[in-house]
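# build the 3D model from these lines:
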Amino acid sequence: MAGDATKAFQYLDKATTAGWENVAHVKQDTDLTTLHADKRWQPMLAKLEAAVAKVEANYNKPLKQQLDSIYASDQGGRLKYEAIEKQYGMKSPEMTALWKEIEATDARNLQRITKLLDTHGWPKKSEVGNTGTTTVFLVIQHSDLATQQKYFPMAKQAAERGDLSKSALALLQDRILIGQGKPQIYGSQLHTDAATGKTVFSPIEDEAHVDERRAAIGMEPLASYAKRFGLEYKGPVK
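Alright, predicted model coming up:
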């Protein structure tokens, strides 16, 4: 996005070497669109796909393919969000149509994921990889409060055995707490202030020590996280 294609490909190569396996996201991510015409794009994809194929040799391929399809549809609409907001605005008919599309897709995906969880349990990384287990989390994260609460114990067990990242579990826990009208623990959830129209952090329990809790599970400091949303976080109000 900074216009440095050479550095972008260097980082993509490092990601491949480090075990990045989400080919579908690399192909879908609009942040990478400007790289598609570069002669290095196809070789990079080929290297990534070959590395992933080697890792996936012992995966449950039908289940992995099902989860890849769900991931692509879950993220597909959301990847359009920024462009539509920029071109048409938050309250435009185009944005309303996008959210209807996302909600319909989420409902279909939720049916497939809850069936999987009820019959198979939370899949292991050894059978579907990081992207597969993350896909299950994303669909539950995007569901209603009752569904989040129902499957949280299963997600917690998955995190405890290493089949879901602790940071993902933290996001789900925060979302459930906010849904219950309680302060969040890790500061992952934001909302639009009705009075000012600005994006702000939802209430955080013991905010003075939030960065300690985040660091303990591998999350970046809240100030760095805030920058992702164009915010400046100066710590709790004293």
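# report the buried residues of the helix or strand hosting Y71.
Element membership for Y71, per DSSP states H and E: helix 61-78. Across helix 61-78, burial judged by 16 or more other CB atoms under 10 Å covers 64, 66-68, 70-71, 73-75, 77. All C-beta spots, glycine's among them, are computed from the backbone N, C-alpha and C.
# so what does the helix of greatest length in the chain touch, helix or strand wise?
When the chain is parsed with DSSP state H, its longest helix is helix 93-120. The contact analysis (3 or more CB pairs under 8 Å, 6 or more residues apart in numbering; DSSP states H and E) places helix 93-120 against helix 61-78, helix 81-88, helix 125-141, helix 145-160.
# can you give the contact residues for the lowest-mean-pLDDT helix or strand in the chain?
Least confident helix or strand of the chain, by mean pLDDT, DSSP states H and E, is helix 23-28 with a mean of 88. Residues outside helix 23-28 that contact it (CB atoms under 8 Å, 6 or more residues apart in numbering) are 12, 32, 45, 48-49, 52, 68, 71-72, 75-76, 79, 131.
# would you turn the residues you listed into CSV with distance to D106 and pLDDT?
Below are these laid out as CSV (distance: CB to CB, whole Å; pLDDT from 0 to 100):
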residue, distance to D106, pLDDT
L12, 29, 96
L32, 24, 94
L45, 28, 96
L48, 28, 95
E49, 28, 94
V52, 26, 89
D68, 17, 92
Y71, 13, 94
A72, 13, 92
Q75, 11, 92
G76, 11, 91
L79, 14, 89
T131, 18, 89
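# which one of those is nearest G197?
When the contacts of helix 23-28 are ranked by distance to G197 (CB to CB), L79 comes first, at 24.4 Å.
# so how far is R214 from the closest one?
Distance from L79 to R214, counting by CB to CB, to the nearest Å: 26 Å.
# could you check which of those two is surrounded by more residues?
Comparing L79 with R214 by other CB atoms under 10 Å, the one with more neighbours is R214, at 21 against 15.
# hmm, that one is touching A223, no?
No. Taking contacts as CB atoms under 8 Å, R214 lies outside contact range of A223: 10.6 Å.
# show residues contacting the helix holding Y71.
Helix 61-78 is touched from outside by 22, 24-25, 28, 56, 98, 101-102, 105-106, 108-109, 112-113, 116, 120, 123, 127-129, 131-132, 134-136, 138-139, 142, with contacts defined as CB under 8 Å, 6+ apart.
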